[in-house]
Each structure stands twice: as C-alpha cells, then as structure tokens.
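Enquirer: Dropping a prediction and its sequence here:
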Amino acid sequence: MFKHTCKFFTLSLICILSLNKIAFSQIDTNVNAIVFTYVDNMPRFNGNIDTYIQEHIKKKYNAQENDALKKIVLKVIIDETGSVLYPKIISSNASQELNNEAITIVESMPKWKPGRQNKKVVKVYTTITIKL
C-alpha cells in the first residue's frame, strides 16, 4: 500500500512541476490542425498595434457613436508564417458597420511574429482589442 502511495505521489509531483512546459491547444475544424491557445512565446505584432488600427480605421460611424468608447474584441489565429486568419468578433458595443470595418483592418494586417512552442513555430489563437 505504501509503495503504491509513494508512486502516485511522485507521479503527481512530476506532473505538477512540469505544468509550466505544457501548452494548451485544441483542434480547429476551420484550419484542420492543432491551434494553441497558450505557448512559450506568444505571437507579437511588429510595431504598435493601436497606432496601426487608428491609422487604418475609417471614421464612418456617426457622431452619436463617437460620444462613448467603442470596444471591439476579435479572436484570430496567427499561423506559422505570421498571417492573421479567421478573425471573429467575440465582443463588441459598436455598430455592425464598425464591426465589419474592424474585421477588414485585421484581415489586412501585415504579418506578425509567429508564436513558438518548444522552439517550433505553431498556430496560435490570440485576441485583438480595438478601442475607439
């Protein structure tokens, strides 16, 4: 009994200590591949993402919308080449027109520095927040 308890305890301890090396992933049917949600080195935009968005957003929304802060949160995949794929709005208090504009801007972004897990370049989910 004691021998089995020690083995279980040792195995549990090893699992706990190695948690910092585990990446969270899931299969995405859109890309038919594993897409990570957290990796050792998360993808990074080359430059200031807020400046890029402000320079590319078209001010099509009306004055009433300008009175309050608009926040659009998009979920995207950054692939192994740094391309932005499958933008999807997961939260927004803006008009549909502004949401569509946000998707257009994100789709046209230059390549990012891709994410890495165990020194390998991988697909990673990330979120982009646009505040106007």
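Expert: Cool, the structure landed.

Enquirer: what's the burial count for D50?
Expert: Taking other CB atoms under 10 Å as the neighbour definition, D50 ends up with a count of 12. For glycine as for every other residue, the C-beta is placed from the backbone atoms N, C-alpha and C.

Enquirer: can you check V76 too?
Expert: Each residue near V76 was counted by other CB under 10 Å, and the total is 22.

Enquirer: Relative to K119, how far out is it?
Expert: In this view, V76 and K119 are 23 Å apart by CB to CB, to the nearest Å.

Enquirer: could you pull out the strands for the protein?
Expert: 24-28, 33-38, 71-78, 84-92, 115-117, 120-122, 124-131 (DSSP state E).

Enquirer: For the protein, give me the ranges with low pLDDT.
Expert: When residues are selected by pLDDT under 70, those of the chain lie in 1-32, 58-67.

Enquirer: If we use 90, what do you get?
Expert: Low-confidence regions of the chain, defined here as pLDDT under 90, cover residues 1-34, 53-70, 94-95, 97-98, 131-132.

Enquirer: re earlier: adding distance to Y52, write the strands of the chain out as CSV.
Expert: Shown next, in CSV, are the strands of the chain (distance: least, CB to CB, whole Å):
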stretch, distance to Y52
strand 24-28, 25
strand 33-38, 23
strand 71-78, 14
strand 84-92, 12
strand 115-117, 19
strand 120-122, 22
strand 124-131, 10
